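Participant: Here is my input; please provide its structure:
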Amino acid sequence: MNDISRRPVMASCTVLVLSLGVGMTACDGPGSHPLSARPYDAAQQVALNAPSGHAKADPEKTLEVTAKGKDGRITDVTVVDAAGHYLAGELAADGSRWRSTGPLAAGARYTVKVATEDKGGSPGARTQTFETAAAKNLLKVQLGPKPGTYGVGQPITVELSAPVRAKEARSAVERSLTVRSEPAVSGTWHWVDDKQLHYRPKEYWPAGAHVRVSSNLEGIKIGDKLYAGAVKPLDLTIGDRIEAITDASTHHMTVLRNGEVINTIPVTTGKPGFSTRNGVKVVLSKEYFVRMRGTSIGIPEGTSDSYDLPVYYATRVTWSGEYVHAAPWSVGSQGYANVSHGCTGMSMSNAAWFFNTVHEGDIVKVVNSLGSTMERFGNGFGDWNLAWEEWRDGSALLAGTREGSGLADAARLQPQF
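Facilitator: Residues are numbered from 1 along each chain as shown. From the prediction side, this is the model:
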């Protein structure tokens, strides 16, 4: 059924041997059909290699159910954990053995139901439960951002404590993470590197949306003797759609709320050699006061470009130090020329208004600058600078598929609230 990406369907455990033999056949009468009989207890006819009682099965081993003797055969085996996840397996053509084909989850409780048939066609049944041992090597999973209200550009982030490189393991991680939104939107995960993945919708989140991220990763096998730990659900609320669009060629910023212009602000952006990055950025934080020094971006002290300034109403959009902030020293150039070292500067009053209007996750976009385009990852959230098809190709599940296929449809978010 499932593959190693689902805890339900992942198996790799001990072997269960239930014994199958002729056993007692309960018939309703001389002329009744064997399949109409009440299933007999096949406990002595099939063998299960999982321990009973308080002993714990090794999740690294394969689970097996074996028919004892030649007087009967196994017709079906169902293995399911307490969360309702099924373990995949294969039944031999002659009904002599069933083996799991996926890894068992660690620290899980399973119920095994075996259906049998004797030589006369009468049905038997056997049910057994067992538990697997807890994982010794745990993969920690950290969801981000923190619970709260964010702008429409905020991606969901996952940080892993160990690298995950194999496609099958990455698929397991993606399948076990669920993102639900009301209203529903289409979106998917993108692997930034071996220890980090981001989730974003095809378009920005809808204003006013409620988003919940949950996981059934706990206990799932991710790598060699590596199992995922528990993950606490994450709830986010999306605020108004705030977009600040700066045209570096006209030296003005246009701020929109839910598609309506609410302010136009004269600004200055990076001068030649320090041109502001083009592209979509996402507000990372707001800092009322920041001491900005040229040495922090490699400008030697005492040179013509060096600076050491107190800066107020600083809205951060990159980790390397690009802000939208108050720049009272350049008011004469705002609206007319680009004279900064890469930040977007404006008057004290405009910066205060901007600072009080935007929130983490809001969109800050720069166009027509002579600078490069915002980095996609590593310097903030440049996720929105990837075309949707390119974003989907970063998913272990959707890479190489076309939108509208079954896999793509499976990535569609469903309402939860």
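Participant: alpha carbons only for contacts and neighbour counts from here, please
Facilitator: Fine.
Participant: remind me which residues of this protein are low pLDDT?
Facilitator: Across the chain, the ranges flagged by pLDDT under 70 are 1-37, 405-417.
Participant: cutoff 80 now
Facilitator: By pLDDT under 80, the weakly predicted segments of the chain are 1-37, 294-299, 302, 304-308, 404-417.
Participant: Just want the most central residue of the chain.
Facilitator: Closest to where the C-alpha atoms of the chain average out (C-alpha atoms, centre = their mean) is residue 177, at 5.0 Å.
Participant: From residue 175, how far off is the nearest residue to that one once chain neighbours are set aside?
Facilitator: Computed as C-alpha to C-alpha, 6 or more residues apart in numbering, the closest residue to residue 177 that is not its neighbour in sequence is residue 215, at 4.5 Å. Distance of residue 215 to residue 175, computed by C-alpha to C-alpha, to the nearest Å: 9 Å.
Participant: between these two, who's got more neighbours?
Facilitator: Set residue 215 next to residue 175 and count neighbours by other C-alpha atoms under 10 Å: residue 175 wins out with 22 against 19.
Participant: What's the local residue count around residue 191?
Facilitator: By other C-alpha under 10 Å, the residues close to residue 191 number 21.
Participant: That one touches residue 173, doesn't it?
Facilitator: No - Residue 191 is not in contact with residue 173 according to C-alpha atoms under 8 Å; the separation is 10.7 Å.
Participant: Let me know the secondary structure of residue 53.
Facilitator: Under DSSP: H, G, I helix; E, B strand; the rest coil, residue 53 falls in the coil class.
Participant: Could you name the specific helix or strand carrying the closest residue to it other than its chain neighbours?
Facilitator: Distance criterion C-alpha to C-alpha, 6+ apart; nearest residue to residue 53, sequence neighbours excluded, is residue 130 at 7.6 Å. Assigned by DSSP states H and E, residue 130 falls within strand 123-132.
Participant: for that strand, packing partners?
Facilitator: Under the contact definition 3 or more C-alpha pairs under 8 Å, 6 or more residues apart in numbering; DSSP states H and E, strand 123-132 sits against strand 40-41, strand 56-57, strand 109-118.
Participant: Need those in TSV (columns: distance to residue 401).
Facilitator: Shown next, in TSV, are the helices and strands packed on strand 123-132 (distance: least, C-alpha to C-alpha, whole Å):
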stretch	distance to residue 401
strand 40-41	48
strand 56-57	38
strand 109-118	34
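Participant: residues in contact with residue 245?
Facilitator: Neighbouring residues of residue 245 by C-alpha atoms under 8 Å, 6 or more residues apart in numbering: 253, 254, 255, 364, 365, 366, 367.
Participant: just the helices in the protein please.
Facilitator: Assigned helices in the chain, in chain order: 167-175, 348-357, 388-392, 406-410 (criterion: DSSP state H).
Participant: How far off centre is the longest one?
Facilitator: Here the centre of mass of C-alpha atoms in helix 348-357, compared against the chain's by C-alpha atoms, centre = their mean, to the nearest Å, lies 34 Å away.
Participant: ok, residues contacting that helix?
Facilitator: By C-alpha under 8 Å, 6+ apart, helix 348-357 touches 265, 286, 312, 313, 314, 315, 324, 325, 326, 327, 328, 345.
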